[in-house]
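1. what would the 3D arrangement of this be:
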Amino acid sequence: MLFKSKRGARSHLTAITYSLTTYTLGWTLLLFYGLVGFLPGLLLLAHGLIIGAYLIHECAHNTLFRSNQHNALLGDMLGWLCGSCYGTLEDIRYKHFRHHVDNDDVVWFDYEAFFRDHPLVYKVTILCEWFYIPAHDILMHAIMVFSSFIIPQRRSQRGRNLMVILVRTGLLISLAIWFPAALLGYMISYMIMIIVLRFVDGLEHDYPYHLRLFSEEVSVHKGDLAWEQEHTFSPMISWRYPFLNLLVLNFGYHNAHHARPTTPWYELPALHEKLFGNSPENIIRLWPQLVMYHRYRTYRIFHDAEGLEPVTGKAFLRAAQQARLTGGNAASFLTSF
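-> Residues are numbered from 1 along each chain as shown. Just a heads-up that it's a prediction; the model follows:
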């Protein structure tokens, strides 16, 4: 069997089919149905991108297929849809597995130092963020486009990186010439994907980031499963109606995911209930997430909102439940640096 189980075949094929279908329908509406198809087209395209992105995460954890090679192949194919194809799935795996194994947010790019050194860029970014434009994460995705020309450790990928840039730039230029409205719809769809991914990611950990992605320096919390769970959180779309969490492929069941990272998305709700019970005290509900995303949208780079004390662990969870945190940006698994 190609998939790991019969249930996996049904569930994963459903998710893959949904992502590809909404992606295709979205583009069809944007390209050929004018103003009538613009809004439904960009919304369908956006959700196709969102599910595709979370399927890349599943591929990185090898939850779909028995073969590592098949997971990598699907992950790389979905990367062309979701814009992460400038790097490789192995780049995503390496950084993401370091995150799991080290119990740390290991990175190469020091965005705080970057913004301190470029105050004008910081001011423009904050202005955009005030208008709900995810400028910080757009910057991260822009760096990803040229990653092999910026990150010394990825110089060997320059030929492949340049090929992807030329192909995707050519497609975007063609859209701009022949279907400018469709290009606008795609850009909005892509921003929606970025917003959703960072909205979910922003409260899942209270880890600080450390600049040791390409070093052998080991986190002091490596292997400490109790510490990992205490500093991991589950921001859900709905506790009362669990099926709504399928909108992000159950990614909000993050404590369960970190407890058993190879558990596929469709088994996470049952695993969460088994390990942590069915109480809302153990999760972050949607309303405080929305409040924090709105209220502290310009403070998520330096976490410098007045009146908020830095907290970790259980205090972080309680503060999040009371909408008393800034949350974070730029934590997407798609930006593998």
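
2. state the distance from the closest residue to residue 41 other than its chain neighbours to residue 21.
-> What sits nearest to residue 41 in space, not counting adjacent residues and going by CB to CB, 6 or more residues apart in numbering, is residue 29, at 3.0 Å. All C-beta atoms are positioned from the backbone trio N, CA, C, and that covers glycine. Between residue 29 and residue 21 the distance is 12 Å, computed by CB to CB, to the nearest Å.

3. the more surrounded of those two?
-> Using other CB atoms under 10 Å as the criterion, residue 29 and residue 21 rank with residue 29 on top: 22 against 12.

4. quick check: domain ranges of this protein?
-> According to automatic domain parsing, the chain comprises the domains 1-82, 86-233+284-337.

5. which one of those domains lies nearest to residue 259?
-> Nearest to residue 259 among the domains of the chain is domain 86-233+284-337 (6.8 Å), distances taken as CB to CB.

6. and the closest one, end to end?
-> 12 Å (CA to CA, to the nearest Å).

7. how far away is the closest residue to residue 266 other than its chain neighbours from residue 121?
-> Using CB to CB, 6+ apart and skipping residues adjacent in sequence, the residue nearest residue 266 is residue 11, 4.2 Å away. In this view, residue 11 and residue 121 are 43 Å apart by CB to CB.

8. who has more neighbours, these two?
-> residue 11 (18 against 13).

9. is the residue nearest to residue 41 in contact with residue 43, as I believe?
-> No - look at residue 29 against residue 43 with CB atoms under 8 Å: they stay out of range, at 9.4 Å.

10. quick one, phi psi at residue 235?
-> Note on residue 235: backbone dihedrals following degrees, to the nearest 10 are phi -80, psi 110.

11. circling back to that earlier point, wouldn't the residue nearest to residue 266 be in contact with residue 250 here?
-> No - using CB under 8 Å as the test, residue 11 is too far from residue 250 to be in contact (10.5 Å).

12. which residues do these two both contact?
-> 265-266 (CB atoms under 8 Å, 6 or more residues apart in numbering).

13. I'd guessed residue 165 sits against residue 86; true?
-> Yes - assessed by CB under 8 Å, residue 165 is found in contact with residue 86 at 7.0 Å.

14. which residues do these two both contact?
-> 145-146.

15. what about the two, which has more around it?
-> Per other CB under 10 Å, whichever of residue 165 and residue 86 has more neighbours is residue 86, with 22 against 15.

16. and the more buried one, which helix or strand is it part of?
-> Assigned by DSSP states H and E, residue 86 falls within no helix or strand.

17. now do the contacts for it.
-> 144-148, 161, 164-165.
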